[in-house]
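Visitor: How does the following fold in three dimensions:
(one chain, ligands or ions: 1)
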Amino acid sequence: MSIQSINPATEEVIATFAAFGEGQVSEALDQARAAFQRWRQTPFAERADLLRRVAAYLRHHSAELARDATLEMGKPIVESEAEIEKCAWNCEFYADNAAAFLADEPVVTNAAASYVSYLPLGVVLAVMPWNFPYWQVIRFAAPALMAGNTAVLKHASNVTGAALAIERVFREAGLPEGAFRTLIVPGSEVERIIADPRIAAVTLTGSDAAGVSVAAAAGRALKKTVLELGGSDPFIVLEDADLDAAARMAVRSRYQNTGQSCIAAKRFIVADAVAESFVEKLAAEAARLRVGDPLDRETQVGPLARGDLREALERQVRASVEMGARVVLGGTPIAGKGYFYAPTVLADVTPEMPAFREETFGPVAAVIRARDAAEAVALANDSPYGLGGNLWTRDIQRGRELARRIESGGVFINGMTASDPRLPFGGVKRSGYGRELSVFGIREFTNIQTVWIGPAAASAPMKAHSDPRATTE
Ligand code: NAP
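Guide: Have a look, this model is predicted:
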């Protein structure tokens, strides 16, 4: 079987890769397992040195890595470069902080001493998406490796070039042989790999449909999972918001990465009193976006990553318009070569429409009206997803109170949702579970081990007692 990379701006085949056979997968798992036995013994300082070398390598090779990602999945080149810089930052962040995040934590109990240790689990399988082809992998790999785990990557099939590039980055930066391996396999192979006893745990970033498959397979094998899935983030604009700033940020949040971001604002829920004005400003800003060749440094919106993804977006827009949504801007694919889709603004969107209920993974903003803040929050929560959320108001205290009522893994007030190594990242509901980044992310793939130490020499014979704190499970 072969797997192809296709340039989405030209529809030309860039490369064809032979999928791994069973023997190659097995060999990679053996190597990753053997590497784990050595890597888990290495001191934090040594692991940190490695990650700093990875960061330096990424920066040194940024131009070629960025170009390759843009050719393979269509991201505007300036955004590809920014993605690589963010990967380097994440490596350095964990190089600087992992030892403190995972230091033994003493706990006062009836023991002579007791503490909690964070120990690595083993080989972690990462199933990753194409939309941030380097970042999604490094977001997981930097903390996992710093914790003493090793990793195998099953990347999205359309970014196999990036998958191999990341393996090369780790190897050339000096990671021990086998500690990070890329497996070139289709999604249909994932269940078998999860069941393999050499795999300790699984992390998936992808759609909720893939989440269901991966979680079910991991459940059958009783393996820990972290799931970072899709989102349909609300962007609430209250009547007291700074509308110009909100509209500018709305455009950045919605159209960045050509709208293909899990934490892009997708549903713009706007107070009635300012709705018309907001739609006008949003559409005017979006109309100025420069769509075109993603290798051109002036381009802000490139093609969608694959033809089937553009078809899915077309279906969602068409069905929403048939149900009464009003096209204020765009609303159609762009004719010619490449999977381009015009930046789109839909107004009068209501909850039963696909543009509201489903995740739209492309440059389509859906605007929904709300009577007041209470209805805005109810609409925000009326979604199967709960990844990020945005709220615009000049009244910060009110914003904080409303944030507690929004069902999502994050709320950004007067800003746009963005991941940051210092803050936890993840979702609730069909956006998944578990957290990446920060101290929470690095502890996901650890064995949180309790150590309890009694006196070195027993001072009294064992006797029955009724202390509830000393009963066994
Ligand atoms: P996808 O189709 O779910 O694919 C993601 C990964 O899962 C790919 O490696 C894919 O392999 C694999 N896969 C697909 N179906 C599978 C199955 N049934 N069993 C096992 N593996 C399977 O998602 P995508 O189109 O690449 O990415 C877009 C989605 O990811 C969106 O929903 C987006 O919101 C979400 N996402 C979430 C986050 C987050 O942090 N929460 C971040 C980025 C993206 P193949 O390519 O070989 O099919």
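Visitor: What's the end-to-end length of stretch 3-16?
Guide: End-to-end distance of stretch 3-16 (C-alpha to C-alpha, to the nearest Å): 6 Å.
Visitor: What residues sit buried inside that stretch?
Guide: 3, 5-9 (16 or more other C-beta atoms under 10 Å). For glycine as for every other residue, the C-beta is placed from the backbone atoms N, C-alpha and C.
Visitor: Take those residues and keep only those in helices.
Guide: Among those, no member falls in helices (DSSP state H).
Visitor: Could you save those residues as JSON lines and add columns showing pLDDT?
Guide: Below are those laid out as JSON lines (pLDDT from 0 to 100):
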{"residue": "Ile3", "pLDDT": "96"}
{"residue": "Ser5", "pLDDT": "98"}
{"residue": "Ile6", "pLDDT": "98"}
{"residue": "Asn7", "pLDDT": "98"}
{"residue": "Pro8", "pLDDT": "98"}
{"residue": "Ala9", "pLDDT": "98"}
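Visitor: Tell me the one of those residues nearest the ligand?
Guide: Among the buried residues of stretch 3-16, Ile3 lies closest to the ligand (C-beta to the nearest ligand atom), at 7.6 Å.
Visitor: Contacts only, for that closest one.
Guide: 16-19, 157, 160, 184, 186 (C-beta atoms under 8 Å, 6 or more residues apart in numbering).
Visitor: If you go by neighbour count, which of the residues you listed are buried?
Guide: 17, 19, 157, 160, 184.
Visitor: Counting only strands, which of the contacts of Ile3 make the cut?
Guide: Among these, the ones falling in strands (DSSP state E) are 16-18.
Visitor: Sort out which one of the residues you listed lies nearest Phe268 for me.
Guide: Phe268 has its nearest neighbour among the ones in strands among the contacts of Ile3 in Phe17, at 39.8 Å by C-beta to C-beta.
Visitor: Tell me if I'm right that that closest one and Thr160 touch.
Guide: Yes: using C-beta atoms under 8 Å, Phe17 is in contact with Thr160, at 4.8 Å.
Visitor: Find the residues that touch each one of these two.
Guide: 3, 5, 184.
Visitor: Next, format the residues you listed as CSV and append distance to Leu402.
Guide: Output for those, formatted as CSV (distance: C-beta to C-beta, whole Å):
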residue, distance to Leu402
Ile3, 45
Ser5, 44
Ile184, 46
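Visitor: What separation do you get for the residue lying closest to Phe340 once chain neighbours are set aside and the ligand?
Guide: Of all residues not flanking Phe340 in the chain, Ile334 sits nearest, at 3.9 Å (C-beta to C-beta, 6 or more residues apart in numbering). For Ile334, the distance to the ligand (C-beta to the nearest ligand atom, to the nearest Å) stands at 21 Å.
Visitor: Number of residues surrounding Ile334?
Guide: Applying other C-beta atoms under 10 Å, we find 17 residues neighbouring Ile334.
Visitor: And for Asn110?
Guide: Neighbour tally, Asn110, other C-beta under 10 Å: 10.
Visitor: Quick one: residues contacting the residue of the stretch 251-400 of the chain found nearest the ligand.
Guide: Nearest residue of the stretch 251-400 of the chain to the ligand: Cys262, at 3.2 Å (C-beta to the nearest ligand atom). The contact partners of Cys262, taken as C-beta under 8 Å, 6+ apart, are 131, 205, 228-231, 387, 431.
Visitor: Selection in ChimeraX covering whichever of those are buried, please.
Guide: Buried residues within these, by 16+ other C-beta under 10 Å, are selected in ChimeraX with:
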select :131,205,228,229,230,231,387,431
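Visitor: What about the contacts of Cys262, which are in strands?
Guide: Per DSSP E, those map to strands at 205, 228.
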